[in-house]
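In: just need the structure, nothing else, for what follows:
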Amino acid sequence: MKTIRRLIYGEVITSFAYVLLAFLALFFFFDFVEELSALGKAPRSNPELVYGIRHALMYVALMMPNRMYELMPIAVLIGSVTVLTRLAHSSEYTILRTSGLGPTRALKTLLGLGLLFTILTFAMGDYAAPPADRSAQLLKARFKGNLVAGETGAWLKERQGQANYLVNVRTLTTQGHMGGVRIFEFDENGVMLSTLDAAEGQIETTGSWTLIDVKRMEFRRVKLKADDVRHSDMPTYSWPSEITAEMVSVALLKPDRMRTTDLFEYIQHLEANGQTAQRYEIEFWRKVFYPLSCLVMVVLALPFAYLHFRSGGVMGYVFLGVMIGISFFLLNNVFGYIGNLNQWQPWLAAAAPAMIYSVLSLGAFLWLVFRR
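Out: Next up, the predicted model:
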């Protein structure tokens, strides 16, 4: 069995590497062509800082870990289908079956290989892709100015004792500092107590924000008149807060580009402050289940080893396997939107496509083995 396992693992990993490399080269080319329109441009604040070819190449290269994370399951499927189809067409898989590779052992062998790909996908999505994607966005921001979340920036909420704070962060600068910070303070009855407007801000590791060039207004709890508002200007101001830099990043950047632990902490923060977290919960569970789709891909590929081929029919079955994989990823995205609209359980919306395709692939496998 060690020899058989070594043979199958070696063939599938080699095929997977070729497919992944081909996809990455294709997306690298497409992304680079898309960046050509930005060549020669410079931000208004620094006209001498021109976006050149080396910057475009660096930006596209930094996007590749995230592309790899997105493409790994489909590359696993195409690589596995190609190898198993070729082995079945050349009757090599029939020889392996007579050598002791029964259906149960074949399933266990491929699940073991799928587990390796699952671990690799999880490591890529949680440890390689997020910092590389953030570096790419910050590099691009050097020539566009700042990272901006829509027209109004990112909005966060925090409760401290009897007070509620609504925080608005307009931009995230290239150095990772915040720009255009506004903080609105309310009491337990929703009455505004104060507003704070800062030009810049930095989140410290000690559980506070250091705000620069601060303009603060405090309101008395009486009927507002001109004398009831107190204005104060401060060069720096320390605001205690449990909002971390990762939470601001989640609000400013796409949640599917963040680490699983960062998303979990942000969900806990939203729930603690009475905010809806349905969208982020679905993204969290999708981050959890997405690496497991590699297991689904190898199970989808296994029935192809038990098909009977005529000459010239191999590529048709490979194409069928590719289309099945594409339909899986389309359904995975559709279920995320449907689950968010219909308030499904987040884990169910994220796991449903994998469960459906696992049942279908196992059903096809059992039918081909025991009925044919």
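
In: only C-alpha atoms for contact and neighbour calcs from this point on.
Out: Will do.

In: skipping adjacent residues, who's closest to residue 103 in space?
Out: residue 369 (7.3 Å; Cα to Cα, 6 or more residues apart in numbering).

In: surely that neighbour and residue 306 touch.
Out: Yes - counting by Cα atoms under 8 Å, residue 369 does reach residue 306; the two are 7.0 Å apart.

In: neighbour-wise, which of the two wins?
Out: Just comparing residue 369 and residue 306: by other Cα atoms under 10 Å the higher neighbour count belongs to residue 306, 19 against 14.

In: can you count the residues close to the closest residue to the more buried one other than its chain neighbours?
Out: Closest residue to residue 306 in three dimensions, ignoring its sequence neighbours and counting by Cα to Cα, 6+ apart: residue 368, at 6.4 Å. By other Cα under 10 Å, the residues close to residue 368 number 15.

In: give the contact list for the residue nearest the centre of the chain.
Out: Residue closest to the average C-alpha location in the chain (Cα atoms, centre = their mean): residue 256, at 2.8 Å. Neighbouring residues of residue 256 by Cα atoms under 8 Å, 6 or more residues apart in numbering: 283-284, 287.

In: in helices only, show me these.
Out: Taking DSSP state H, the ones among these that sit in helices are 283-284, 287.

In: C-alpha coordinates for the strand or helix carrying residue 143, CSV please?
Out: Residue 143 is part of helix 129-144 when elements are defined by DSSP states H and E. Output of helix 129-144 as CSV, limited to C-alpha atoms (Å, rounded to 0.1, in the frame of the first residue of the first chain):
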residue,chain,number,x,y,z
ALA,A,129,-2.5,35.7,1.9
PRO,A,130,-3.7,38.3,4.5
PRO,A,131,-0.3,40.1,5.1
ALA,A,132,0.6,39.9,1.4
ASP,A,133,-2.8,41.3,0.4
ARG,A,134,-2.5,44.1,3.0
SER,A,135,1.0,45.0,1.7
ALA,A,136,-0.4,45.1,-1.9
GLN,A,137,-3.2,47.4,-0.9
LEU,A,138,-0.8,49.7,1.0
LEU,A,139,1.5,49.8,-1.9
LYS,A,140,-1.3,50.8,-4.2
ALA,A,141,-2.4,53.4,-1.6
ARG,A,142,1.0,55.1,-2.0
PHE,A,143,-0.1,56.2,-5.4
LYS,A,144,-3.8,56.7,-4.8
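
In: in this structure residue 271 contacts residue 280, no?
Out: No - counting by Cα under 8 Å, residue 271 stays clear of residue 280, with 11.0 Å between them.

In: looking at these two, which is more packed in?
Out: Between residue 271 and residue 280, counted using other Cα under 10 Å, the more crowded position is residue 280 (20 against 12).

In: surely that one is in contact with residue 265?
Out: No - contact criterion Cα under 8 Å: residue 280 and residue 265 do not qualify, at 10.6 Å.

In: on the three-state scheme, residue 291 is what?
Out: coil (DSSP: H, G, I helix; E, B strand; the rest coil).

In: so who does it touch?
Out: 73, 117-119, 121-122 are the contacts of residue 291 under Cα under 8 Å, 6+ apart.

In: which non-adjacent residue is nearest it?
Out: The spatially closest residue to residue 291, leaving aside those adjacent along the chain, is residue 118, at 4.8 Å (Cα to Cα, 6+ apart).

In: buried residues, stretch 320-331. List them.
Out: Using 16 or more other Cα atoms under 10 Å as the test for burial, stretch 320-331 gives 321-322, 324-325, 328-329.

In: which secondary structure elements does the one helix or strand residue 93 maps to sit against?
Out: Here residue 93 sits within helix 92-98, counting by DSSP H and E. Contacts defined by 3 or more Cα pairs under 8 Å, 6 or more residues apart in numbering; DSSP states H and E place helix 92-98 against helix 53-89.
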